[in-house]
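**Student:** sequence plus the predicted model coming up.
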Amino acid sequence: METTVKKIYRNTDSQVNKELVLYGWVRNNRAQKEFGFINFHDGTFFDTIQVVYEESKLQNFKDVQKIRVGSSILVKGELLLTPEAKQPFEIKATYIELLGDSPEDYPIQPKRHTREFLREVAHLRARTNLFHAIFRLRSVAAFAVHEFFQSKGFIYTHTPIITGNDGEGAGQTFGVTTLPLDKIPMTDDKKVDYKKDFFGKKTNLTVTGQLEAETFALAFKNVYTFGPTFRAENSNTMRHASEFWMIEPEMAFADLNKDMEIAEDMVKYIIKYVFEKLPEEMVFFDQFVEKGLTDRLLKVLTTPFARVTHKEAIDILLNSGVKFENKPVHGQDINTEHEKFLTDRYFQSPVFVTDWPKDIKAFYMRLNDDQQTVAAMDLLVPGSGELIGGSQREERLDYLIKRMDDMGVPKEDLEWYLDLRRYGGCVHSGFGLGFERLIMYLSGVENIRDVIPFPRTPKNCEF
């Protein structure tokens, strides 16, 4: 009967001493004089299974001896228990057929490769243990996100990829145009004539689905988006990419406290979920990527997330006695080294930093009564720093208009957004979680380029 490596590992007893059929790839082939061993992998499970073949059993024994790493094969054989050996069981082959050869220049040989090299062959790197584990984790974590929100009655909302607004107001957008770059039409006052463009206006790839998601939150109450976003930020750090996926829930009749509760519940749910679904991969990450990862993540499940205002956080940093490379300053952002101190040393747990200075936050965040801060929160986690950013949205029309005027946000293209306050507006909140940051946090992998199948970064758009 046709089976898979995963079925063998998960339901061994039902397949022992039966003639099995498997399709997959050769990870290694150790040929001896009268027998040989193939490390067989079919993509369904993290671990390989050993296939033993013998000259007395195979008519094409000498051809099988020559099968190279990376080749695809068909295997028929009997599953035997091997309690006395390293592996718990093995396939005793009665038939092996080469389906697709792999020449000697196959890049993924059975040896240690650097992550830098594997990025150059990103179309093949999922065949290694590390990237097989990462991308299976990515799949399972994505499903966990949907299960979490669906179980709470949230509506999955598809927001546009092409948009006419810059939700973050930072101007770091990728323009979308069909205008001929060698002969751009201009207006009489020497500006680009976007009326002649495909959409008849200036458009760009989205930096966030939040603004559109708010429209659905004020109809469905609780919604979430989960899709690609784009930032034209010329940054070459290990934590930034030009294309990444964002999880963005929006909730009507929810203040900042409710926002933080949902964020904490979601993080804990996903951690629990991946440990249940991917025990082998999580052990691998703990052993070969970040020692102590398991303890760090499981501690999160039993620890309430700390909460501190931005002012209190700066005071803690200033009074810590630690000489930071960048001195903490009231009214300014918190650096990576500050985040690390707060999470790893001071609180020794994830921490929400709330009530941020209004001058360093987006126009849509609700102004606090002190007129100096906004009802915003960042979730900082041990080992990774900022994981989530969110806020209570400004529901008061006059306050929102003033903030847009003060920050130079054009209102003409956002009248529909203002309508949400004009027609039945209410207190509402939401947050954004960068999915790749989450995968880095769960796996211990430090570079965002290694948790995206085909990373897009400045000067890099391969594959």
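**Tutor:** Cool, the structure landed.
**Student:** contacts and neighbour counts: CA atoms only from here.
**Tutor:** OK.
**Student:** all helices of the stretch 151-300 of the chain, in order?
**Tutor:** Assigned by DSSP state H, counting those that start in this stretch, the stretch 151-300 of the chain shows helices spanning 210-220, 256-277, 279-288, 293-302.
**Student:** now the second one, how far from the centre of its chain.
**Tutor:** On the basis of Cα atoms, centre = their mean, to the nearest Å, the separation between the geometric centre of helix 256-277 and that of its chain is 15 Å.
**Student:** please name every helix or strand in contact with that helix.
**Tutor:** helix 129-151, helix 293-302, strand 373-381, strand 385-392, strand 428-434 (3 or more Cα pairs under 8 Å, 6 or more residues apart in numbering; DSSP states H and E).
**Student:** among those, which is nearest Glu280?
**Tutor:** Of all these, helix 129-151 sits nearest to Glu280, with 8.8 Å by Cα to Cα.
**Student:** and the angle from that closest one to helix 279-288?
**Tutor:** Comparing the axes of helix 129-151 and helix 279-288 via axes from the mean of the first three to the mean of the last three Cα atoms, to 10 degrees yields an angle of 130 degrees.
**Student:** need the residues that contact helix 129-151.
**Tutor:** With contact meaning Cα atoms under 8 Å, 6 or more residues apart in numbering, helix 129-151 is reached by 46, 125-126, 155-156, 224, 266, 269-270, 273-274, 277-278, 281, 439, 443, 450-451, 453.
**Student:** make it 6 Å
**Tutor:** Ala126, Ile270, Glu281 (Cα atoms under 6 Å, 6 or more residues apart in numbering).
**Student:** restrict it to CA atoms and write it as CSV.
**Tutor:** Taking Å, rounded to 0.1, in the frame of the first residue of the first chain, the C-alpha atoms of helix 129-151 are listed here in CSV:
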residue,chain,number,x,y,z
ASN,A,129,16.9,20.0,7.8
LEU,A,130,16.9,23.7,8.9
PHE,A,131,14.8,25.1,6.2
HIS,A,132,12.5,22.1,6.0
ALA,A,133,11.8,22.8,9.7
ILE,A,134,11.4,26.6,9.3
PHE,A,135,9.0,26.4,6.4
ARG,A,136,6.9,23.7,8.0
LEU,A,137,6.8,25.9,11.1
ARG,A,138,5.7,28.8,9.0
SER,A,139,2.8,26.7,7.5
VAL,A,140,1.6,25.4,10.9
ALA,A,141,1.9,28.8,12.6
ALA,A,142,-0.1,30.4,9.8
PHE,A,143,-2.9,27.8,10.4
ALA,A,144,-2.7,28.5,14.1
VAL,A,145,-3.3,32.2,13.5
HIS,A,146,-6.5,31.4,11.6
GLU,A,147,-7.7,28.9,14.1
PHE,A,148,-7.2,31.3,17.0
PHE,A,149,-9.2,34.1,15.4
GLN,A,150,-11.8,31.8,13.9
SER,A,151,-12.4,30.2,17.3
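**Student:** okay, buried residues for that helix please.
**Tutor:** Judged by neighbour count (16 or more other Cα atoms under 10 Å), helix 129-151 contains these buried residues: 130-138, 140-142, 144-149.
**Student:** now the farthest one out in the chain, which residue is it?
**Tutor:** Distance from the C-alpha centroid of the chain, by Cα atoms, centre = their mean, peaks at Ser56 (49.5 Å).
**Student:** hang on, the earlier thing: need the helices and strands packed on helix 256-277 in CSV with distance to Val16 and mean pLDDT, can you?
**Tutor:** What follows is the helices and strands packed on helix 256-277, written out as CSV (distance: least, Cα to Cα, whole Å; pLDDT from 0 to 100):
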stretch, distance to Val16, mean pLDDT
helix 129-151, 26, 98
helix 293-302, 33, 94
strand 373-381, 45, 97
strand 385-392, 45, 95
strand 428-434, 44, 97
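**Student:** can you list these in TSV and add distance to Asp189?
**Tutor:** Output for the helices and strands packed on helix 256-277, formatted as TSV (distance: least, Cα to Cα, whole Å):
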stretch	distance to Asp189
helix 129-151	48
helix 293-302	58
strand 373-381	39
strand 385-392	40
strand 428-434	39
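**Student:** which of the ones you listed sits closest to Thr203?
**Tutor:** For these, proximity to Thr203 was assessed by Cα to Cα; strand 428-434 is nearest, at 22.3 Å.
**Student:** for Val353, phi and psi?
**Tutor:** Dihedral angles of Val353 (phi, psi; degrees, to the nearest 10) stand at phi -100, psi 120.
**Student:** from Lys152, how far off is it?
**Tutor:** Distance of Val353 to Lys152, given as Cα to Cα, to the nearest Å: 25 Å.
**Student:** more crowded one of those two?
**Tutor:** Per other Cα atoms under 10 Å, whichever of Val353 and Lys152 has more neighbours is Val353, with 24 against 10.
**Student:** the more buried one and Leu256, how far apart?
**Tutor:** 12 Å.
**Student:** please tell me I have it right and Ile49 contacts Gly43.
**Tutor:** No: in this structure Ile49 lies outside contact range of Gly43 using Cα atoms under 6 Å: 11.4 Å.
**Student:** low pLDDT regions in this structure?
**Tutor:** Counting by pLDDT under 70, the ranges of the chain that qualify are 167-171.
**Student:** which residue is the nearest non-sequential neighbour of the residue farthest from the centre of the chain?
**Tutor:** If the residues on either side of it in the chain are set aside, Ser56 comes closest to Glu34, at 8.0 Å by Cα to Cα, 6 or more residues apart in numbering.
**Student:** count the residues that sit near that neighbour.
**Tutor:** For Glu34, the count of nearby residues is 12 (other Cα under 10 Å).
**Student:** what of Lys291?
**Tutor:** Number of residues near Lys291 (other Cα under 10 Å) recorded here: 14.
**Student:** now it, nearest residue through space, not along the chain?
**Tutor:** Phe285 (7.9 Å).
**Student:** so how far is Gly444 from that neighbour?
**Tutor:** 7 Å.
**Student:** and Ala376, by the same measure?
**Tutor:** Distance from Ala376 to Gly444, by Cα to Cα: 27 Å.
**Student:** okay, these two: which has more neighbours?
**Tutor:** Between Ala376 and Gly444, counted using other Cα under 10 Å, the more crowded position is Ala376 (31 against 21).
**Student:** which residue, other than its chain neighbours, is closest to the more buried one?
**Tutor:** Ser391 is the one closest to Ala376 (Cα to Cα, 6+ apart), at 4.0 Å.
**Student:** residue contacts, the one you found?
**Tutor:** With Cα under 6 Å, 6+ apart, Ser391 has these contacts: Met365, Ala375, Ala376, Met377, Ser429, Gly430.
**Student:** redo that, cut-off 10 Å
**Tutor:** 250, 255-257, 259-260, 354-356, 361-362, 364-366, 374-378, 428-432 (Cα atoms under 10 Å, 6 or more residues apart in numbering).
**Student:** sorry, back to before: surely the residue nearest to Lys291 touches Leu293?
**Tutor:** Yes: counting by Cα atoms under 10 Å, Phe285 does reach Leu293; the two are 7.3 Å apart.
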